[in-house]
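S.K.: pasting the structure only:
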(Lines give C-alpha, C1' and ligand atoms only; values in the text may rest on other atoms or scores of the structure.)
Protein backbone atom coordinates (compact mmCIF):
# COMPACT_ATOMS: atom_id res chain seq x y z
CA UNK A 1 0.00 0.00 0.00
CA UNK A 2 1.38 3.40 -1.01
CA UNK A 3 1.83 5.81 1.88
CA UNK A 4 0.74 9.16 0.51
CA UNK A 5 2.25 12.12 2.32
CA UNK A 6 0.09 15.02 3.39
CA UNK A 7 0.18 18.23 1.33
CA UNK A 8 2.68 20.79 2.60
CA UNK A 9 1.15 24.15 3.51
CA UNK A 10 1.90 27.60 4.85
CA UNK A 11 -0.58 29.42 7.09
CA UNK A 12 -1.16 33.14 6.65
CA UNK A 13 -3.42 34.35 9.42
CA UNK A 14 -4.56 37.76 10.59
CA UNK A 15 -7.49 40.04 11.12
CA UNK A 16 -7.65 41.23 7.47
CA UNK A 17 -9.56 44.27 8.70
CA UNK A 18 -9.65 45.09 5.82
CA UNK A 19 -7.48 42.98 3.51
CA UNK A 20 -5.55 45.11 1.01
CA UNK A 21 -3.27 44.85 -2.00
CA UNK A 22 -0.32 44.38 0.34
CA UNK A 23 -1.90 41.14 1.58
CA UNK A 24 -2.43 40.09 -2.04
CA UNK A 25 1.20 40.77 -2.84
CA UNK A 26 2.31 38.79 0.21
CA UNK A 27 0.21 35.80 -0.88
CA UNK A 28 1.52 35.96 -4.46
CA UNK A 29 5.13 36.16 -3.24
CA UNK A 30 4.70 33.30 -0.76
CA UNK A 31 3.15 30.98 -3.35
CA UNK A 32 6.01 31.78 -5.70
CA UNK A 33 8.92 31.37 -3.28
CA UNK A 34 7.83 28.84 -0.64
CA UNK A 35 8.03 25.09 -1.24
CA UNK A 36 4.35 24.39 -0.56
CA UNK A 37 1.37 22.66 -2.12
CA UNK A 38 -1.18 25.09 -0.67
CA UNK A 39 -1.30 28.39 1.18
CA UNK A 40 -4.05 28.72 3.79
CA UNK A 41 -5.42 32.21 4.39
CA UNK A 42 -7.01 32.09 7.85
CA UNK A 43 -8.86 35.22 9.00
CA UNK A 44 -9.17 35.39 12.78
CA UNK A 45 -12.46 35.65 14.62
CA UNK A 46 -10.59 37.97 16.97
CA UNK A 47 -6.86 38.54 17.24
CA UNK A 48 -5.74 37.44 20.75
CA UNK A 49 -3.92 40.78 21.13
CA UNK A 50 -6.93 42.91 20.11
CA UNK A 51 -10.20 43.68 21.86
CA UNK A 52 -12.27 44.23 18.72
CA UNK A 53 -12.28 44.31 14.92
CA UNK A 54 -13.74 47.11 12.84
CA UNK A 55 -15.58 44.82 10.44
CA UNK A 56 -17.51 41.74 11.51
CA UNK A 57 -15.93 38.31 11.27
CA UNK A 58 -18.31 37.30 8.50
CA UNK A 59 -17.52 40.47 6.53
CA UNK A 60 -13.76 39.95 6.78
CA UNK A 61 -14.14 36.32 5.70
CA UNK A 62 -16.22 37.40 2.71
CA UNK A 63 -13.57 39.95 1.72
CA UNK A 64 -10.88 37.27 1.85
CA UNK A 65 -12.93 34.93 -0.32
CA UNK A 66 -13.46 37.71 -2.85
CA UNK A 67 -9.75 38.53 -3.02
CA UNK A 68 -8.10 35.13 -2.77
CA UNK A 69 -10.44 32.42 -4.07
CA UNK A 70 -9.08 32.79 -7.62
CA UNK A 71 -5.44 32.61 -6.54
CA UNK A 72 -3.60 29.45 -7.53
CA UNK A 73 -2.82 27.15 -4.58
CA UNK A 74 -4.65 29.43 -2.11
CA UNK A 75 -7.45 28.28 0.20
CA UNK A 76 -9.41 30.69 2.40
CA UNK A 77 -10.37 28.85 5.58
CA UNK A 78 -13.27 29.71 7.89
CA UNK A 79 -11.86 27.58 10.72
CA UNK A 80 -11.09 30.37 13.21
CA UNK A 81 -14.21 32.32 12.24
CA UNK A 82 -16.36 29.27 12.96
CA UNK A 83 -14.67 28.85 16.34
CA UNK A 84 -16.50 32.03 17.33
CA UNK A 85 -13.78 33.15 19.72
CA UNK A 86 -10.16 34.18 19.84
CA UNK A 87 -8.18 31.13 18.73
CA UNK A 88 -4.52 30.50 19.53
CA UNK A 89 -2.11 29.87 16.68
CA UNK A 90 -1.06 26.62 18.35
CA UNK A 91 -4.65 25.34 18.16
CA UNK A 92 -4.94 26.37 14.51
CA UNK A 93 -1.68 24.66 13.52
CA UNK A 94 -2.73 21.44 15.30
CA UNK A 95 -6.12 21.58 13.58
CA UNK A 96 -4.66 21.83 10.09
CA UNK A 97 -1.94 19.27 10.82
CA UNK A 98 -4.67 16.63 10.80
CA UNK A 99 -5.02 17.06 7.05
CA UNK A 100 -1.88 18.92 6.02
CA UNK A 101 1.77 19.14 6.89
CA UNK A 102 1.97 22.68 8.24
CA UNK A 103 5.54 23.64 7.38
CA UNK A 104 5.43 27.44 7.46
CA UNK A 105 3.75 30.08 9.60
CA UNK A 106 3.74 33.55 8.06
CA UNK A 107 4.03 36.60 10.33
CA UNK A 108 4.84 40.27 9.89
CA UNK A 109 8.12 41.56 11.33
CA UNK A 110 5.96 43.82 13.56
CA UNK A 111 4.97 40.64 15.45
CA UNK A 112 8.51 39.71 16.43
CA UNK A 113 8.54 41.86 19.58
CA UNK A 114 5.58 39.95 21.09
CA UNK A 115 6.14 36.53 19.54
CA UNK A 116 7.46 34.89 22.71
CA UNK A 117 4.19 35.83 24.44
CA UNK A 118 2.18 33.67 22.05
CA UNK A 119 0.45 30.66 23.60
CA UNK A 120 2.87 27.69 23.59
CA UNK A 121 5.49 29.64 21.64
CA UNK A 122 8.10 26.99 22.41
CA UNK A 123 6.00 24.28 20.77
CA UNK A 124 5.42 26.42 17.70
CA UNK A 125 9.10 27.28 17.54
CA UNK A 126 10.02 23.59 17.46
CA UNK A 127 7.26 22.64 15.04
CA UNK A 128 7.14 25.14 12.19
CA UNK A 129 9.38 27.41 10.13
CA UNK A 130 8.63 31.09 10.64
CA UNK A 131 8.21 33.10 7.44
CA UNK A 132 8.85 36.71 8.37
CA UNK A 133 7.25 39.35 6.15
CA UNK A 134 9.38 42.48 6.18
CA UNK A 135 7.75 45.74 7.28
CA UNK A 136 9.42 49.12 7.26
CA UNK A 137 10.34 50.34 10.72
CA UNK A 138 10.29 46.88 12.31
CA UNK A 139 13.77 45.32 12.67
CA UNK A 140 14.32 41.61 12.16
CA UNK A 141 15.01 40.43 15.71
CA UNK A 142 15.18 36.66 15.19
CA UNK A 143 17.37 35.55 18.09
CA UNK A 144 14.52 33.57 19.68
CA UNK A 145 13.58 31.71 16.49
CA UNK A 146 14.82 28.22 15.68
CA UNK A 147 14.01 28.13 11.95
CA UNK A 148 13.02 31.11 9.88
CA UNK A 149 12.92 32.55 6.38
CA UNK A 150 12.60 36.17 5.25
CA UNK A 151 9.93 37.13 2.73
CA UNK A 152 10.89 40.52 1.32
CA UNK A 153 7.70 42.29 0.37
CA UNK A 154 7.47 45.97 -0.48
CA UNK A 155 4.06 46.58 1.07
CA UNK A 156 4.22 49.80 3.12
CA UNK A 157 0.45 50.06 3.65
CA UNK A 158 -1.39 48.45 6.56
CA UNK A 159 -4.99 47.79 7.52
CA UNK A 160 -4.56 50.22 10.42
CA UNK A 161 -3.54 53.01 8.07
CA UNK A 162 -6.50 52.30 5.81
CA UNK A 163 -8.88 52.41 8.78
CA UNK A 164 -7.38 55.54 10.33
CA UNK A 165 -7.04 57.55 7.13
CA UNK A 166 -10.11 56.06 5.42
CA UNK A 167 -7.91 55.77 2.34
CA UNK A 168 -9.13 53.14 -0.13
CA UNK A 169 -6.22 53.63 -2.53
CA UNK A 170 -4.64 50.36 -1.38
CA UNK A 171 -7.89 48.36 -1.36
CA UNK A 172 -8.82 46.17 -4.33
CA UNK A 173 -11.71 47.54 -6.38
CA UNK A 174 -13.67 44.33 -5.82
CA UNK A 175 -14.24 45.22 -2.17
CA UNK A 176 -13.80 49.00 -2.10
CA UNK A 177 -17.52 49.73 -1.83
CA UNK A 178 -18.17 47.44 1.13
CA UNK A 179 -14.98 48.62 2.86
CA UNK A 180 -16.13 52.20 2.39
CA UNK A 181 -19.44 51.34 4.07
CA UNK A 182 -17.49 50.01 7.05
CA UNK A 183 -15.22 53.05 7.23
CA UNK A 184 -18.13 55.45 7.04
CA UNK A 185 -19.65 53.80 10.07
CA UNK A 186 -22.66 52.08 8.52
CA UNK A 187 -21.21 48.71 9.47
CA UNK A 188 -19.97 49.61 12.95
CA UNK A 189 -22.83 47.72 14.52
CA UNK A 190 -22.89 45.85 17.78
CA UNK A 191 -24.29 42.35 17.75
CA UNK A 192 -27.51 43.77 19.21
CA UNK A 193 -27.81 46.21 16.31
CA UNK A 194 -27.13 43.42 13.81
CA UNK A 195 -29.81 41.25 15.37
CA UNK A 196 -32.22 44.19 15.35
CA UNK A 197 -31.52 44.54 11.64
CA UNK A 198 -32.19 40.81 11.10
CA UNK A 199 -35.50 41.04 12.95
CA UNK A 200 -36.47 44.06 10.84
CA UNK A 201 -35.65 42.23 7.60
CA UNK A 202 -37.71 39.21 8.59
CA UNK A 203 -40.61 41.30 9.87
CA UNK A 204 -40.61 43.30 6.64
CA UNK A 205 -41.38 40.07 4.74
CA UNK A 206 -44.15 39.05 7.15
CA UNK A 207 -42.30 36.52 9.27
CA UNK A 208 -44.24 35.62 12.40
CA UNK A 209 -43.41 34.92 16.07
CA UNK A 210 -39.84 36.19 15.79
CA UNK A 211 -37.84 35.39 18.90
CA UNK A 212 -34.24 36.22 19.83
CA UNK A 213 -32.12 34.22 22.29
CA UNK A 214 -29.11 35.77 24.00
CA UNK A 215 -26.51 33.03 24.50
CA UNK A 216 -23.61 35.13 25.78
CA UNK A 217 -23.57 33.10 29.00
CA UNK A 218 -24.12 29.72 27.37
CA UNK A 219 -21.63 27.27 25.92
CA UNK A 220 -23.04 27.34 22.41
CA UNK A 221 -21.79 27.80 18.85
CA UNK A 222 -23.41 31.24 18.48
CA UNK A 223 -23.95 34.31 20.64
CA UNK A 224 -27.47 34.93 19.36
CA UNK A 225 -30.14 32.71 17.82
CA UNK A 226 -33.10 34.16 15.93
CA UNK A 227 -36.14 31.95 15.28
CA UNK A 228 -39.01 32.98 13.03
CA UNK A 229 -42.12 31.34 11.59
CA UNK A 230 -42.90 31.26 7.89
CA UNK A 231 -46.45 30.87 6.59
CA UNK A 232 -45.65 27.94 4.31
CA UNK A 233 -42.85 26.37 2.28
CA UNK A 234 -42.90 29.00 -0.43
CA UNK A 235 -42.78 31.74 2.18
CA UNK A 236 -39.78 30.04 3.85
CA UNK A 237 -37.69 30.36 0.70
CA UNK A 238 -38.93 33.89 0.03
CA UNK A 239 -37.95 34.94 3.55
CA UNK A 240 -34.50 33.42 3.15
CA UNK A 241 -33.87 35.20 -0.17
CA UNK A 242 -35.06 38.48 1.36
CA UNK A 243 -32.76 37.89 4.33
CA UNK A 244 -29.70 37.30 2.09
CA UNK A 245 -30.32 40.51 0.17
CA UNK A 246 -30.96 42.55 3.31
CA UNK A 247 -27.84 41.28 5.06
CA UNK A 248 -25.68 41.98 2.02
CA UNK A 249 -26.92 45.57 1.87
CA UNK A 250 -25.78 46.08 5.46
CA UNK A 251 -22.40 44.40 4.96
CA UNK A 252 -23.25 41.18 6.81
CA UNK A 253 -22.59 37.81 5.22
CA UNK A 254 -24.06 34.33 5.54
CA UNK A 255 -21.15 31.91 6.06
CA UNK A 256 -23.20 28.76 5.55
CA UNK A 257 -26.85 27.89 4.98
CA UNK A 258 -29.27 25.03 4.48
CA UNK A 259 -32.74 25.35 3.03
CA UNK A 260 -35.80 23.29 2.27
CA UNK A 261 -39.48 24.09 1.83
CA UNK A 262 -40.04 23.67 5.56
CA UNK A 263 -36.81 24.94 7.10
CA UNK A 264 -34.02 27.43 6.41
CA UNK A 265 -30.99 28.08 8.58
CA UNK A 266 -28.41 30.83 8.08
CA UNK A 267 -25.07 30.83 9.91
CA UNK A 268 -23.44 34.26 10.38
CA UNK A 269 -20.75 32.93 12.72
CA UNK A 270 -21.90 34.62 15.91
CA UNK A 271 -25.59 34.63 14.93
CA UNK A 272 -27.76 31.71 13.81
CA UNK A 273 -31.11 32.31 12.10
CA UNK A 274 -33.81 29.63 11.84
CA UNK A 275 -36.86 30.11 9.63
CA UNK A 276 -39.49 27.36 9.95
CA UNK A 277 -43.05 26.52 9.20
CA UNK A 278 -44.99 26.36 12.51
CA UNK A 279 -45.22 22.55 12.47
CA UNK A 280 -41.44 22.19 12.34
CA UNK A 281 -40.91 24.78 15.06
CA UNK A 282 -43.28 22.93 17.34
CA UNK A 283 -41.75 19.54 16.50
CA UNK A 284 -38.14 20.48 17.24
CA UNK A 285 -38.80 22.71 20.28
CA UNK A 286 -35.71 24.86 19.77
CA UNK A 287 -36.96 27.44 22.23
CA UNK A 288 -37.06 24.88 25.02
CA UNK A 289 -33.56 23.64 24.21
CA UNK A 290 -32.07 27.15 24.09
CA UNK A 291 -33.83 28.30 27.25
CA UNK A 292 -32.57 25.24 29.12
CA UNK A 293 -29.06 25.94 27.82
CA UNK A 294 -29.12 29.47 29.21
CA UNK A 295 -30.64 28.42 32.52
CA UNK A 296 -28.07 25.64 33.03
CA UNK A 297 -25.24 28.06 32.36
CA UNK A 298 -26.67 30.54 34.86
CA UNK A 299 -26.89 27.80 37.49
CA UNK A 300 -23.27 26.83 36.87
CA UNK A 301 -22.17 30.43 37.27
CA UNK A 302 -24.11 30.73 40.53
CA UNK A 303 -22.39 27.61 41.86
CA UNK A 304 -18.92 28.72 40.73
CA UNK A 305 -18.82 32.53 40.32
CA UNK A 306 -15.14 32.38 39.38
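M.R.: Perfect, I can see it now. None of these values were measured; they are calculated from a predicted model.

S.K.: Got phi/psi on residue 257?
M.R.: phi -150, psi 160 (degrees, to the nearest 10).

S.K.: and it, what are its bridge partners?
M.R.: Under the criterion DSSP bridges, residue 257 forms beta bridges with residue 266.

S.K.: residue ranges for the strands of this structure, please.
M.R.: Assigned by DSSP state E, the strands in the chain fall at 8-14, 38-43, 74-76, 101-108, 129-133, 148-151, 208-214, 224-229, 256-259, 263-267, 271-276.

S.K.: how about stretch 159-169: buried residues?
M.R.: 159, 162, 163, 168 (16 or more other CB atoms under 10 Å). C-beta: built from backbone N, CA, C; applies to glycine.

S.K.: Who are the contact partners of the most centrally placed residue in the chain?
M.R.: Centroid-nearest residue in the chain, with CA atoms, centre = their mean: residue 81, separated by 3.0 Å. Contacts for residue 81 (CB atoms under 8 Å, 6 or more residues apart in numbering) come out as 43, 44, 45, 57, 58, 60, 61, 255, 269.

S.K.: Return the distance of it relative to residue 30.
M.R.: Distance of residue 81 to residue 30, given as CB to CB, to the nearest Å: 21 Å.

S.K.: Ok, residue 85 next?
M.R.: 27 Å.

S.K.: ok so, going back, mind checking which of the buried residues of stretch 159-169 are in helices?
M.R.: Of the positions in the buried residues of stretch 159-169, 159, 162, 163 sit in helices, assigned by DSSP state H.

S.K.: can you list the strands of the chain in TSV and add mean pLDDT and mean neighbour count?
M.R.: TSV is the format used below for these (pLDDT from 0 to 100; neighbours: other CB atoms under 10 Å):
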stretch	mean pLDDT	mean neighbour count
strand 8-14	97	21
strand 38-43	97	23
strand 74-76	98	18
strand 101-108	96	20
strand 129-133	96	21
strand 148-151	94	16
strand 208-214	91	15
strand 224-229	93	22
strand 256-259	88	12
strand 263-267	92	19
strand 271-276	94	24
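
S.K.: Of these, which is nearest residue 242?
M.R.: Residue 242 lies closest, by CB to CB, to one member of those: strand 271-276, at 10.1 Å.

S.K.: Who does the closest one pair with, and is each partner parallel or antiparallel?
M.R.: Paired with strand 271-276 in the same sheet, following DSSP bridges, are strand 224-229 (parallel), strand 263-267 (antiparallel).

S.K.: and of these, who's closest to residue 237?
M.R.: Nearest to residue 237 among the strands paired with strand 271-276 is strand 263-267 (7.1 Å), distances taken as CB to CB.

S.K.: neighbouring contacts of that closest one?
M.R.: 222, 230, 236-237, 239-240, 243-244, 254-259, 272-277, 280.

S.K.: Quick one: closest of the strands paired with strand 271-276 to residue 134.
M.R.: Of all these, strand 263-267 sits nearest to residue 134, with 37.5 Å by CB to CB.

S.K.: which stretches of this protein form helices?
M.R.: Counting by DSSP H, the helices of the chain are 21-33, 57-68, 79-83, 89-96, 121-127, 159-165, 176-183, 191-204, 233-249, 278-284, 286-303.

S.K.: Comparing those helices, which stretch has the densest surroundings?
M.R.: Sort those by mean neighbour count, taking mean count of other CB atoms under 10 Å, and helix 57-68 sits at the top with a mean of 23.
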